[in-house]
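>>> Okay, sequence plus prediction incoming.
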Amino acid sequence: MQENNNTHMLLVGYVLWIIGFLGAHRFYFGRPVSGTLYFFTLGLLGIGWLIDLFLMPSLERSADRRYQQGELNYTVAWLLLSFLGIFGLHRMYQGKWGTGLLYLVTLGLFGIGIIYDFWTLNEQLSAGNSERRYR
């Protein structure tokens, strides 16, 4: 693991925190369970959302330690997933052209694929960066 690994941006976390009562910042920082919980409870009725305002730097440091830095940019992939996920652009960005095209013609596998990717995108990017690093 690298020192000074900078896979996630704190500023992006704070921007996503604005809509964080839906868990967006939690998903971005690799916390899909709490992201899903926030989604269904509106940020733990707003209390967890407010607490996360102060926890954001530790969420970012934790994500930076867990995920592999490399060619694939986490912020770019997350923006593609969040705003254009139904078109599969985040998958094409990773070089997964087959599933990207499948998402394109099925609107993100009818939404189920997008939910899956919200849960696993950080791991997909980390694995992709590891593979590219050792080529």
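Structure received. Model, not experiment: these values are computed from the prediction.

>>> what residue ranges in the protein score low on pLDDT?
1-4, 135 (pLDDT under 70).

>>> ok, which stretches of it are helices?
10-18, 24-28, 32-45, 47-66, 74-84, 89-93, 97-110, 112-133 (DSSP state H).

>>> Deepest-packed of these, please.
Highest mean neighbour count of the helices of the chain: helix 24-28, a mean of 26 (counted as mean count of other CB atoms under 10 Å). Where C-beta positions appear, they are placed from N, C-alpha and C, glycine not excepted.

>>> So which elements touch that helix?
Other helices and strands packing on helix 24-28, by 3 or more CB pairs under 8 Å, 6 or more residues apart in numbering; DSSP states H and E, are helix 10-18, helix 32-45, helix 47-66, helix 74-84, helix 112-133.

>>> cutoff 7 Å now
helix 10-18, helix 32-45 (3 or more CB pairs under 7 Å, 6 or more residues apart in numbering; DSSP states H and E).

>>> Name the surrounding residues that touch the last one.
Contacts of helix 32-45 from elsewhere in the structure, counted by CB atoms under 7 Å, 6 or more residues apart in numbering, are 20, 21, 22, 23, 26, 27, 48, 49, 118, 119.
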